[in-house]
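Asks: Kindly generate the corresponding structure for this input.
(one chain, ligands or ions: 1)
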Amino acid sequence: MGHTLMGRLRAGLSLFGVAAAVAITRHGFRAAGGHGAPGGILVRDAGAYSVFSRRLLGPFYEHIADDVAKAAPEKARILEAGCGPGHLSIQLARRHGLDVTGVDLDPAMIDQAQANATRSHGSDESRPSFEVGDVAHLAFPDESFDLVISTLSMHHWADPTAGLSEVRRVLRPGGRALIWDFRPGIWLLHRHIPDPVNHAQGSRLQMVEATPWRWPWKLSLTQRVELARPEEPPRHTETQTGKTPSNKGEAHG
Ligand SMILES: C[S@@+](CC[C@H](N)C(=O)[O-])C[C@H]1O[C@@H](n2cnc3c(N)ncnc32)[C@H](O)[C@@H]1O
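Replies: Numbering: from 1, shown residues only. Below you'll find the predicted structure:
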């Protein structure tokens, strides 16, 4: 009798759990649905996406933050492209003490990111900074970052090749880009998923590897793509005579 009651209670609770998960996921996907803007696709409801992504994508960001922290050189300057409400940047700064700047095309997302950072860091100096910007037209000087990261954003970019070219420009030579996005061939709410391998070729970033990434749950609908800006050979400085230093000792006449 007691067993039956407990069994029913457990079954009822499981059903409730499944129904709640389905409701949150449906709400989240509705919030994540997008509309086009110059530069890319914006999420319809930045506030709802912020709540949905914190609840549903928390373990995804945690796992990625650990991976980024391992890949980041000491005192690395990191740019997150398409940071949305900033959950990953905030984790990187708070849990790993990293220096992170997040950029997003959508001013409403940057408002959410600022509010989320204030909630978790207050006015602490280690908090990440956030600004509005298009990955294809970044307002940072050449070679200003050691690492560029991006999650679930590239399939929103209007021109992924232009975006990756800008990523290359702001990376220092030898710097890396780590991009997590859905695997090519998957259709989402708004568009076909771009293949970073093709876009990397047009951007002059070098493909290091593309590996399936386990998410969601045990599925691997996403992948981790690692790209590198190759080291450049040292530039020869011109002497006053227009000859390079290697010519200095040569006999003339
Ligand atoms: C699905 S959200 C992902 C947000 C966050 N990275 C995450 O993992 O939750 C995609 C984000 O890409 C941003 N986005 C779209 N096009 C962009 C562009 N050209 N430059 C920068 N951000 C862009 C959108 O505004 C949106 O916040």
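Asks: Could you give me the buried positions within stretch 56-74?
Replies: Leu56, Leu57, Phe60, Tyr61, Ile64, Ala65, Val68, Ala69, Ala72 (16 or more other CB atoms under 10 Å). In short, each C-beta sits where N, CA and C put it, glycine included.
Asks: Tell me which two in these are the farthest apart.
Replies: Farthest pair in those (CB to CB) is Leu56 and Ala72. Separation: 25.6 Å.
Asks: Centroid-nearest residue for the protein?
Replies: The centre of the chain sits closest to Ser150, judged by CA atoms, centre = their mean, with a distance of 1.3 Å.
Asks: Stretch 93-105 spans what distance, first to last residue?
Replies: End-to-end distance of stretch 93-105: 21 Å, with CA to CA, to the nearest Å as the criterion.
Asks: Could you give the number of residues near Gly35?
Replies: Actually, residue 35 is His. It isn't Gly. 9 (other CB atoms under 10 Å).
Asks: Buried residues of the host helix or strand of it, list them for me.
Replies: Assigned by DSSP states H and E, His35 falls within strand 34-37. Residues Gly34 are the ones in strand 34-37 that count as buried (16+ other CB under 10 Å).
Asks: Next: stretch 128-144.
Replies: So for stretch 128-144, counting by 16+ other CB under 10 Å, buried means Pro128, Phe130, Glu131, Gly133, Asp134, Val135, Ala136, Leu138, Phe140.
Asks: anything in it near the ligand?
Replies: Yes - with CB under 6 Å from any ligand atom as the measure, stretch 128-144 is seen reaching the ligand through Asp134, Val135, Ala136.
Asks: Please dump those into JSON lines; it should also carry pLDDT for every row.
Replies: Shown next, in JSON lines, are the residues of stretch 128-144 next to the ligand (pLDDT from 0 to 100):
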{"residue": "Asp134", "pLDDT": "98"}
{"residue": "Val135", "pLDDT": "98"}
{"residue": "Ala136", "pLDDT": "98"}
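Asks: Run through the bridge partners of Arg224.
Replies: Trp180, Thr211 (DSSP bridges).
Asks: check contacts around it.
Replies: By CB atoms under 8 Å, 6 or more residues apart in numbering, the contact list for Arg224 reads Asp67, Leu178, Ile179, Trp180, Ala210, Thr211, Trp213.
Asks: are any of those buried, and which?
Replies: Buried, going by 16+ other CB under 10 Å: Leu178, Ile179, Trp180, Ala210, Trp213, out of the contacts of Arg224.
Asks: So which of these is the closest to the ligand?
Replies: For the buried ones among the contacts of Arg224, the residue nearest the ligand by CB to the nearest ligand atom is Trp180; the value is 7.8 Å.
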